[in-house]
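[1] this one's sequence-less:
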């Protein structure tokens with residue numbers, strides 16, 4: 001646990017995780033307490049490509065993207081705590097458990113994702129998290145998920161240069 005809560009803006013997020021448009025689903029992460037907990041923010045806009053087909057005339061953010069947004073928040077939290085900026089960290093889902101969807105998320109909503117580490121430690125590859133995504137204090141989604149943090153990943157270019 002740290003004395004000072006940290007935050008990550010979009011520039012740091014892009015240095016920590018490889019996701020980019022259209023699959024970067026977190027705009028900032030605040031209240032990062034080491035790798036124990038954090039809160040992600042996603043501004044949901046009509047410009048997102050999934051709204052073209054999900055659903056025409058009634059745009060709803062897909063449940064899988066809600067869980068993915070929570071996972072990206074968790075990756076940013078761990079990456080920030082472990083100083084992984086510019087180190088090509090990759091994150092892979094291993095399991096998603098107890099996912100429940102309670103409220104539709106639509107364009108104009110501000111999605112807040114509160115994440116807590118259940119299991120994981122510096123140097124460890126397998127991490128488990130609990131997450132709750134909400135809009136204006138109303139729960140939209142909750143889930144537990146397990147992910148592998150590959151902190152030794154190298155890009156193909158880095159391998160070729162070695």
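    In hand now; what should we look at? Nothing here was measured: the structure is a model prediction, and the numbers come from that model.
[2] helix or strand for residue 108, which one?
    For residue 108, there is no helix or strand it lies in under DSSP states H and E.
[3] Residue 48 is in contact with that one, correct?
    No: applying Cβ atoms under 8 Å as the test, residue 108 and residue 48 come out as separate, 11.7 Å apart. In this view, the C-beta of every residue, glycine as well, is placed from N, C-alpha and C.
[4] which one of these two has more residues nearby?
    Taking neighbours as other Cβ atoms under 10 Å, residue 108 and residue 48 compare with residue 48 leading, 17 against 11.
[5] Nearest spatial neighbour of that one, chain-adjacent residues omitted?
    Closest residue to residue 48 apart from its sequence neighbours, by Cβ to Cβ, 6 or more residues apart in numbering: residue 22 at 6.7 Å.
[6] Ok, residue 118 next?
    Closest to residue 118 by Cβ to Cβ, 6+ apart is residue 128, at 4.3 Å.
[7] could you measure the one you found against residue 37, distance?
    According to Cβ to Cβ, to the nearest Å, residue 128 and residue 37 sit 13 Å apart.
[8] Kindly report the same for residue 74.
    Distance, residue 74 to residue 37, using Cβ to Cβ: 10 Å.
[9] so what sits against both of the two?
    Residues touching both residue 74 and residue 37 comprise 115, 117, with contact defined as Cβ atoms under 8 Å, 6 or more residues apart in numbering.
[10] Neighbour count: these two, which is higher?
    residue 74 (30 against 18).
[11] For the residue positioned nearest the centre of the chain, which three-state class applies?
    Centroid check for the chain by Cα atoms, centre = their mean gives residue 72 as the closest residue, at 1.7 Å. Secondary structure, DSSP: H, G, I helix; E, B strand; the rest coil: residue 72 is helix.
[12] thought it was touching residue 16?
    No: using Cβ under 8 Å, residue 72 makes no contact with residue 16, being 9.5 Å away.
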